[in-house]
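>>> Let me see the structure of the following:
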Amino acid sequence: MLRSLLFVLLPMLADAATGQTALDHAKKLRSNESADRIRAANELGKLGAGAAASANALATALGDPVSEVRNAAADALGKIGKPAVGHVNKALADRDRQIAAVRAAGELGPLAADLVPAIIKCLRVDGPDVSEAVNKAIVGIGEQALPHVIEGLKDNAINLRLCGALQAMGPSAKSAAPALMQLLAKRGVRGREGAADALGAIGDPQAVPGLIEVVDEALAKVDSLLYGAGEKSLRALGRIKAKPELVVPLCVRVLGSPRRDVEAAGLQGRALETLERLDARQPEALDALRAFVASDPGKHKEAAARLLKKLGG
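Here you go, the predicted model:
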């Protein structure tokens, strides 16, 4: 308790010694000089909860034309904590302040759990900056964000991008695995690719059968949408490194495919990587590698020969 009180009071006392108050810094957020605005936001951040009265001014600065100012304002709002939540929520509804407001929500961490639906809604705006900001915010908020994220996976317009947040969370997003497996099984949607990536990062062995099914599906038909899901499913299987009694035979099937198109070659490259990650020394794996090398597949022949040697074949 005493330490928390000191955290709030010491910066305030330091400002008092120099004659600077939170109000003075807030006024400088309107300066014509971007350096002054950046400095003002940083100083308000140092005050933490002591700058609560300036939260509205900082929320307004989330729309500053200079990115460094926006970022400094977002960081400061995060340090203010609970008093800033309402101001960040309002900023999320403003298109001009949206991305910076998402960043501020991430800085608030679990305090911003109630803002997650509004954060997810931002994914309806195109652009990599939006996806990156949303992913970081959800990771910052943590497990309290998961119920809303799981609900968002039902929306085909945003679920591919939303999977990026779950991938970044890794094993801590395990409660989302059942919903991701449902998405993985949904045919004809790009979200399957994101689901495979996220499941690989989470590392739940229960996802293995579903991932194998997607790879077999991609192997049976030349289709760019299927290929993306199949390639990422193979990569996920290599990351999970579970149930080799199922995964090794899958890789054998991929290497033995008679297809010689680009997509099949991509799957075969991933199958080689998966066998390596599993340290697959089973006779059937070594036989498949020998046959693959002997078939002169072109692109992956050298990689397969190196792996065969590494595995003792």
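>>> the bottom helix or strand of the chain by mean pLDDT?
Ranked by mean pLDDT, DSSP states H and E, the weakest helix or strand in the chain is helix 2-18, scoring a mean of 44.
>>> Show me what counts as buried in the helix or strand following that one.
Counting by DSSP states H and E, the element after helix 2-18 in chain order, helix or strand, is helix 22-28. By neighbour count on 16 or more other Cβ atoms under 10 Å, the buried set for helix 22-28 is Ala22, His25, Ala26, Lys28. Backbone N, C-alpha and C define where each C-beta goes, glycine included.
>>> Packing partners of helix 22-28?
helix 2-18, helix 34-47 (3 or more Cβ pairs under 8 Å, 6 or more residues apart in numbering; DSSP states H and E).
>>> go with 7 Å
helix 34-47 (3 or more Cβ pairs under 7 Å, 6 or more residues apart in numbering; DSSP states H and E).
>>> In TSV: the buried residues of helix 22-28, plus distance to Val116 and pLDDT.
Shown next, in TSV, are the buried residues of helix 22-28 (distance: Cβ to Cβ, whole Å; pLDDT from 0 to 100):
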residue	distance to Val116	pLDDT
Ala22	29	86
His25	30	93
Ala26	28	93
Lys28	32	95
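>>> which among those residues gets closest to Gly238?
When these are compared for distance to Gly238 (Cβ to Cβ), His25 comes out closest, at 51.1 Å.
>>> quick one, what contacts that closest one?
Ala40, Glu43, Leu44, Ser54 (Cβ atoms under 7 Å, 6 or more residues apart in numbering).
>>> repeat that with 6 Å
Residues in contact with His25 (Cβ atoms under 6 Å, 6 or more residues apart in numbering) are Ala40, Glu43, Leu44.
>>> can you pick the most crowded of these?
Neighbour counts for the contacts of His25 peak at Leu44, which has 32 neighbours (criterion: other Cβ atoms under 10 Å).
>>> if I read this right, it contacts Ala52, doesn't it?
No - Leu44 lies out of contact with Ala52 (Cβ atoms under 6 Å); the separation is 9.9 Å.
>>> could you redo the buried residues of helix 22-28 as JSON lines and give each row distance to Leu146?
Formatted as JSON lines, the buried residues of helix 22-28 follow (distance: Cβ to Cβ, whole Å):
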{"residue": "Ala22", "distance to Leu146": "35"}
{"residue": "His25", "distance to Leu146": "36"}
{"residue": "Ala26", "distance to Leu146": "36"}
{"residue": "Lys28", "distance to Leu146": "39"}
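>>> residue ranges with poor pLDDT in the stretch 1-150 of the chain?
Along the stretch 1-150 of the chain, the model assigns pLDDT under 70 to residues 1-20.
>>> Alpha carbons of the strand or helix carrying Ala165, as PDB, please.
Per DSSP H and E, Ala165 falls inside helix 159-169. Coordinates of the C-alpha atoms in helix 159-169 are reproduced here as PDB (Å, rounded to 0.1, in the frame of the first residue of the first chain):
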ATOM      1  CA  ASN A 159     -11.800 -14.400 -37.700                       C
ATOM      2  CA  LEU A 160      -8.700 -14.800 -39.700                       C
ATOM      3  CA  ARG A 161      -7.200 -11.600 -38.300                       C
ATOM      4  CA  LEU A 162      -8.600 -12.400 -34.800                       C
ATOM      5  CA  CYS A 163      -6.700 -15.700 -34.800                       C
ATOM      6  CA  GLY A 164      -3.500 -13.700 -34.800                       C
ATOM      7  CA  ALA A 165      -4.100 -12.500 -31.300                       C
ATOM      8  CA  LEU A 166      -4.700 -16.100 -30.100                       C
ATOM      9  CA  GLN A 167      -1.500 -17.200 -31.900                       C
ATOM     10  CA  ALA A 168       0.400 -14.400 -30.000                       C
ATOM     11  CA  MET A 169      -1.100 -15.500 -26.700                       C
END
